[in-house]
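> sequence unavailable; structure follows:
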């Protein structure tokens, strides 16, 4: 956290206050759950990932791992102030919260804490979604109750679970979103980018396996079936497309395969702590590789890791911690990850399928610095490369 946080703390409080006022008076749009997401007229779709806010009780919540000179002017309001600044600058098409949105063991009222944590996204009127981490449910609400509340908030496209799999799927917060072609184009009704959101759970319920939870077989079955259905729709009339539309996956707890990378072997970013994955490997990475549509996985959980590394054609990326009540590293700025998908432009001037997927991170410093710009995927056999914006 840079010294400018001390200068702008009043502004951050104003931003949060306005967000909460907007939340109190904003009607819940009846069509929020049925809203259609599409690429913009510029052929882009931009996603902001907000990882590990660990929001507690607002202005009275103290910060972790900041300089002593900043400690008494730092609270949850720095977290929401940072998010508000990034939203204003990046103007994303979708905001994704990847868990540990609230720090359940410290909150006095989980509902009020969630309202405040999500307030900047709600006030922006930008569609947003959330999954749960391992700390969200440590208050008085269960994971199911948390998701039941989240899906009723304004402008969210979050779902408790997919209707077709609700009778068998593990967890709460498994769903997908389709990003269609540019409005009024020939591909306006075709999903060109598919987003998958999964509940990676909290802690193992198997007595012989200690530690964190994992993505279960039932969730992998749902993903596999959904991916196959989306590919079929992509390849069929009207306007059939070749191959498979690319996908992105978002959840909280990293897969064991994240442990394959250190700072040197990663494409961009750093490792500063061990990967906090489950002690058993449920095979979800193998499932993703076998299907071939998901090009990047985005997680949180390990706050001071922010690298991307490519393994078997899949990019494994951390968001980096964004919350000030979450542990961090003194002098290492909180951060949020941006992902942009770009469409191919045809010779006729119309937009086609997805050309590339890029990412970068924004730091909570005076300039909202951009770091680690990278091409994650090109619609070609070339590997991920570091690039300039």
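Sure thing, it's come through. Since we're looking at a predicted model, the values are computed, not measured. Residues are numbered from 1 along each chain as shown.

> identify each buried residue in stretch 202-210, please.
Of the residues in stretch 202-210, those buried under the neighbour-count criterion (16 or more other C-beta atoms under 10 Å) are 202, 204. C-beta: built from backbone N, CA, C; applies to glycine.

> cool, stretch 279-299 as well?
Neighbour-count burial for stretch 279-299 [16+ other C-beta under 10 Å]: 282, 284-285, 287-288, 291, 293-299.

> all strands of this structure, in order?
According to DSSP state E, the chain carries its strands in the segments 37-38, 44-50, 94-98, 128-131, 175-180, 191-197, 247-250, 294-299, 308-311, 314-318, 335-345, 351-363, 370-378, 385-386.

> could you dump those strands into a markdown table and include distance to residue 137?
Output for those, formatted as a markdown table (distance: least, C-beta to C-beta, whole Å):
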| stretch | distance to residue 137 |
| --- | --- |
| strand 37-38 | 28 |
| strand 44-50 | 19 |
| strand 94-98 | 15 |
| strand 128-131 | 12 |
| strand 175-180 | 18 |
| strand 191-197 | 17 |
| strand 247-250 | 18 |
| strand 294-299 | 18 |
| strand 308-311 | 29 |
| strand 314-318 | 22 |
| strand 335-345 | 23 |
| strand 351-363 | 28 |
| strand 370-378 | 31 |
| strand 385-386 | 38 |
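
> pLDDT weak spots in the stretch 151-300 of the chain?
In the predicted model of the stretch 151-300 of the chain, no residue satisfies pLDDT under 70.

> what are the boundaries of the helices in the stretch 201-350 of the chain?
217-235, 284-291 (DSSP state H, counting those that start in this stretch).

> nearest to residue 202, of those helices?
helix 217-235 (14.4 Å; C-beta to C-beta).

> re the thing from before, tabulate the helices of the stretch 201-350 of the chain (TSV), appending distance to residue 322.
TSV is the format used below for those (distance: least, C-beta to C-beta, whole Å):
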stretch	distance to residue 322
helix 217-235	25
helix 284-291	25
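
> roughly how far does the residue of the chain most remote from its centre sit from residue 80?
Of all residues in the chain, residue 348 has its C-alpha farthest from the mean position, at 34.6 Å, by C-alpha atoms, centre = their mean. Here residue 348 is placed at a distance of 45 Å from residue 80 (C-beta to C-beta, to the nearest Å).

> next one: residue 124
Distance from residue 124 to residue 80, by C-beta to C-beta: 12 Å.

> quick one, which of the two is more surrounded?
Neighbours per residue, other C-beta atoms under 10 Å: of residue 124 and residue 80, the larger number sits with residue 80, 29 against 20.

> is the more buried one in contact with residue 122, as I believe?
No. With contact defined as C-beta atoms under 8 Å, residue 80 and residue 122 do not form a contacting pair (11.1 Å).

> quick one: pLDDT of residue 349?
Predicted confidence (pLDDT) for residue 349: 82.

> actually residue 133, not the one I wrote
98.

> oh, and call the first residue 44 from now on, that's how I've got it
In the new count, where the first residue is 44, that last one comes out as residue 176.

> and for it, nearest residue in space, chain neighbours not counted?
Using C-beta to C-beta, 6 or more residues apart in numbering and skipping residues adjacent in sequence, the residue nearest residue 176 is residue 142, 2.8 Å away.

> now do the contacts for the one you found.
By C-beta atoms under 8 Å, 6 or more residues apart in numbering, the contact set of residue 142 is 94-95, 173-177, 179, 243, 294-296, 343-344.

> what do you get for residue 209?
residue 203.

> next one: residue 176
Counting by C-beta under 8 Å, 6+ apart, residue 176 has contacts 95, 141, 142, 143, 144, 243, 245, 295, 296, 343, 344.

> okay if I get those as a markdown table plus distance to residue 200?
As requested, these are exported to a markdown table (distance: C-beta to C-beta, whole Å):
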| residue | distance to residue 200 |
| --- | --- |
| 95 | 21 |
| 141 | 15 |
| 142 | 16 |
| 143 | 20 |
| 144 | 15 |
| 243 | 19 |
| 245 | 23 |
| 295 | 18 |
| 296 | 22 |
| 343 | 19 |
| 344 | 23 |
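
> out of these, which are buried?
In these, the ones that pass as buried (16+ other C-beta under 10 Å) are 95, 141, 142, 143, 144, 243, 245, 295, 296, 343, 344.

> from those residues, which is closest to residue 217?
residue 243 (10.0 Å).
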